[in-house]
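Colleague: quick one, what's the 3D model for this:
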Amino acid sequence: MLRYAVGSASTTNREQGFLDAIKEKYPDIKVLSSDQYAGATRELAYTVSQNLLSRYNTEVNGIFCPNESVTVSMTKALRDLGKAKGKVKVVGFDTSVVPCRLYCIISKRLQPHSSGWTFHFSKFDNSSED
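Modeller: You can find the predicted model right below:
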């Protein structure tokens, strides 16, 4: 998991909900990181994403991102490090750009969820191949 920022109530609730659900329903899943914060900008989030992915390298097979800036930055870092196209699953929140949202719904990468929209970038790349 890559957290957003200390003091953000909505993302803190999402993060804690994710950790609670993993612990209760999927005890065999090992959470590699729950103490790293992306920060308020996409640039900082991208740098932290790259560092986190480099640190855990081949151990990472899924990532939870609690908001849009973290989701976008993490998926860019995954793509740039060659870990996209299903190699690492990403669940993210808050995709607010309408064309991006529409594209992702059509390509089955964005699905409605009770707390909003959930972004699934399991095959994210810049090509038109799905």
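
Colleague: buried stuff in the helix ranked longest in the chain?
Modeller: In the chain, assigned by DSSP state H, the helix with the most residues is helix 9-25. Residues of helix 9-25 classed as buried by neighbour count (16 or more other CB atoms under 10 Å): T11, R14, E15, F18, I22. In this view, the C-beta of every residue, glycine as well, is placed from N, C-alpha and C.

Colleague: possible to save the residues you listed as a markdown table with pLDDT and distance to A45?
Modeller: Shown next, in a markdown table, are those (pLDDT from 0 to 100; distance: CB to CB, whole Å):
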| residue | pLDDT | distance to A45 |
| --- | --- | --- |
| T11 | 91 | 12 |
| R14 | 90 | 15 |
| E15 | 93 | 14 |
| F18 | 91 | 17 |
| I22 | 91 | 22 |
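
Colleague: angles on the backbone of the residue nearest the centre of the chain, please.
Modeller: For the chain, the residue nearest the mean C-alpha position is C65 (3.3 Å; CA atoms, centre = their mean). Backbone torsions of C65, given as degrees, to the nearest 10, read phi -120, psi 120.
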